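Visitor: What follows is a predicted protein model with its sequence.
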Amino acid sequence: MKRLYLFLLKSYLGPFFYTFFIAIFLLLMQFLWKYIDDLVGKGLEINEIMTLLFYASARFVPLALPIAMLLSSLMVFGKLGENNELTALKASGISFIKLIYPLFIFALIISFSSFLFSNYLMPIANLKNGSMIYDIQKKKPALNIKEGIFYKDIEGYTIKIGKKKSDGKVLEDIIIYNHSNKNGNTSVITAKKGKMEITKNEKYLELTLNNGFSYNEIINPKTKIESHRKTKFKENLIRFDLSTFNKRQNSEHLYKGHYAMLNNKQLTLAIDSLNQKVIEKKNAFHSVIKEKYQVFEKNEHQNLKTNTTKINKNKQYDIALNSIKTLKSIVKSNRNEIEYKNIILAKHKIEWHRKISLAVACMILFFIGASLGSIVSKGGFGFPALISICFFLSYHVLSIIGEKSAKDLTLEPFEGMWLANITFFPISIFLMYKAKNDAKIFDTSNLKLSIFAFLKKENEI
């Protein structure tokens, strides 16, 4: 048995590791596609790019492990079935449950390791990755200015462009709001075309504008009289100081309190604190409504009763209407604040459950892969990969639906994050039962016999 178990482990480890790295690579490509606009053309050094990709890859480990467990188990047991090795082992008295025992222990270790990684290493990877992306976005803000979006990261200025050429430097339909004097948008510059470049020392962003206008609002400090001045120019050079960006070298403190950067122990403390704040907010709101408005309405009602001859009925209605409007506004404001706090609380709970649910998913998908492999008896990479993609996409879609529903407060965080596992667990039990009894997934033989007997009886009649 020891030799058999060693053989199964050796057969399993190879497919597991290369499917794991393939999954990491595909997820990394998705990450690059998402942030390609923020990374391309930033003049990043090779070590910066490799560090960013390393931290981004670490984020995908808990998600890649279930994929690897599913695909590798399908491939190994499918190959055993295709070569009739599985049949020979079962004929020699080794049951399917005994056969998967060493791989079950391996899957258990991987599942536990997945939780440990998610709980202790992934928060660090998320922190490093998030801060690096932030620093890269802020490093050269000129290349981060996007079409049709107001860019406000340069202190004292708001910039909007209509179109940006493929080289990332030539701009069209430029609007610049200058509020560096902190008196509002007293200066506006527009231009049809322009070109932006960063100086060699990377301290300034130079924006050369062509064929534009400058609008300035001038206020006389003595008379307080406003006057407007419009200036037309063929070419205008504006230089923006980027020293504030150079100071933002350590942005990790911006993310340290984020729920994705906390382990489960820290999340538990944060959840307790947030729960307490929600309860305090509800109690404060309840007491304000009870004390202020109930007493106010009672006193106001008595005053109106005693002064009916003096106060016009329309005025009574106005007083009542204003009170209701004020109450409605306070209720809406407090409701929105409580809802926002509940959403933040739900996100913390989602992150807490995510670490455990992805670890458990490794076990569930292992059982599904091993059972399906022994039933379909198809090895190689093609057919198992197709089945694995279908199963994992279904699992991933359910996970996304559950997470989104939990964030929208339509489901409890526990229900949302365990929706996929709860759905796939009965499927794994069903497939394990079929694999143990060497049965087809859907055995229609009895149904065919019943239909044949019924037709035969009808013909005899």
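Guide: Arrived safely.
Visitor: gap between residue 192 and residue 212?
Guide: Using Cβ to Cβ, to the nearest Å, residue 192 is found at 7 Å from residue 212. C-beta: built from backbone N, CA, C; applies to glycine.
Visitor: Have a look at these two and say which one is more surrounded.
Guide: residue 212 (20 against 14; other Cβ atoms under 10 Å).
Visitor: just checking, the more buried one touches residue 176?
Guide: No. Applying Cβ atoms under 8 Å, one finds residue 212 not in contact with residue 176, separated by 9.3 Å.
Visitor: Mutual contacts of residue 192 and residue 212, please.
Guide: residue 174 (Cβ atoms under 8 Å, 6 or more residues apart in numbering).
Visitor: starting at the chain centroid, how far to stretch 186-202?
Guide: Centroid separation between stretch 186-202 and its chain, computed with Cα atoms, centre = their mean, to the nearest Å, is 35 Å.
Visitor: model confidence over that stretch, on average?
Guide: Mean pLDDT, stretch 186-202: 83.
Visitor: same thing with stretch 81-94?
Guide: 81.
Visitor: And the contacts of it?
Guide: Contacts with stretch 81-94, where a contact means Cβ under 8 Å, 6+ apart, come from 4, 77, 80, 96, 99, 373-379, 438.
Visitor: Kindly recompute the last result at 10 Å.
Guide: Stretch 81-94 is contacted from outside by 1, 4, 7-8, 11, 77-80, 95-96, 98-99, 101, 373-380, 383, 435-436, 438, using Cβ atoms under 10 Å, 6 or more residues apart in numbering.
Visitor: got the buried residues for that stretch?
Guide: Neighbour counts over stretch 81-94 (16 or more other Cβ atoms under 10 Å) mark 81-82, 86, 89-90 as buried.
Visitor: separation between the residue nearest to residue 108 when sequence neighbours are not counted and residue 75?
Guide: Distances taken as Cβ to Cβ, 6 or more residues apart in numbering put residue 363 closest to residue 108, at 6.9 Å, once the chain neighbours are dropped. Per Cβ to Cβ, residue 363 is found 18 Å from residue 75.
Visitor: Please say which of these two ends up with more neighbours.
Guide: Between residue 363 and residue 75, residue 75 has the larger neighbour count (other Cβ under 10 Å), namely 26 against 21.
Visitor: pLDDT at the more buried one, what is it?
Guide: For residue 75, the model assigns a pLDDT of 87.
Visitor: before we move on, what SS does it have?
Guide: Under DSSP: H, G, I helix; E, B strand; the rest coil, the three-state class of residue 75 is helix.
Visitor: Quick check, residue 428 in contact with residue 365.
Guide: Yes. Contact criterion Cβ atoms under 10 Å: residue 428 and residue 365 qualify, at 7.9 Å.
Visitor: With neighbour numbers in mind, choose between the two.
Guide: Neighbours were counted for residue 428 and for residue 365 using other Cβ under 10 Å; residue 365 has more, 27 against 20.
Visitor: Just give the closest residue to the more buried one, not the sequence neighbours.
Guide: residue 70 (3.9 Å).
Visitor: Same question for residue 12.
Guide: Closest residue in space to residue 12, ignoring its immediate chain neighbours: residue 76 at 5.1 Å, by Cβ to Cβ, 6+ apart.
Visitor: Residue 411 now?
Guide: residue 405 (4.1 Å).
Visitor: measure the one you found to residue 413 for me?
Guide: 10 Å.
Visitor: Of these two, give the one with the bigger neighbour count.
Guide: Taking other Cβ under 10 Å, residue 405 and residue 413 do not tie; residue 413 has more neighbours (24 against 16).
Visitor: and the closest residue in space to that one that isn't next to it in sequence, what helix or strand is that in?
Guide: Excluding its sequence neighbours, the residue lying closest to residue 413 (Cβ to Cβ, 6+ apart) is residue 349, at 3.6 Å. Following DSSP states H and E, one finds residue 349 within helix 313-376.
Visitor: Mean confidence (pLDDT) on that helix, please.
Guide: 85.
Visitor: what's the answer for stretch 123-141, then?
Guide: Here the average pLDDT along stretch 123-141 is 76.
Visitor: again, but for stretch 20-36
Guide: 86.
Visitor: Can you give me the buried ones in it?
Guide: Applying a neighbour-count criterion of 16+ other Cβ under 10 Å, one finds 20, 22-24, 27-28, 31 buried in stretch 20-36.
Visitor: any idea which helix or strand comes after the helix holding residue 349?
Guide: Next in sequence after helix 313-376, counting helices and strands by DSSP H and E, comes helix 382-407.
Visitor: packing partners for that following helix?
Guide: Judged by 3 or more Cβ pairs under 10 Å, 6 or more residues apart in numbering; DSSP states H and E, the packing partners of helix 382-407 are helix 2-39, helix 61-82, helix 313-376, helix 413-417, helix 419-436.
Visitor: repeat that with 6 Å
Guide: Packed against helix 382-407 by the contact rule (3 or more Cβ pairs under 6 Å, 6 or more residues apart in numbering; DSSP states H and E) you find helix 61-82, helix 413-417, helix 419-436.
Visitor: how much space between the residue nearest to residue 108 and residue 318?
Guide: Shown here: residue 363 relative to residue 318, a distance of 67 Å by Cβ to Cβ.
Visitor: and if you look at residue 56?
Guide: 61 Å.
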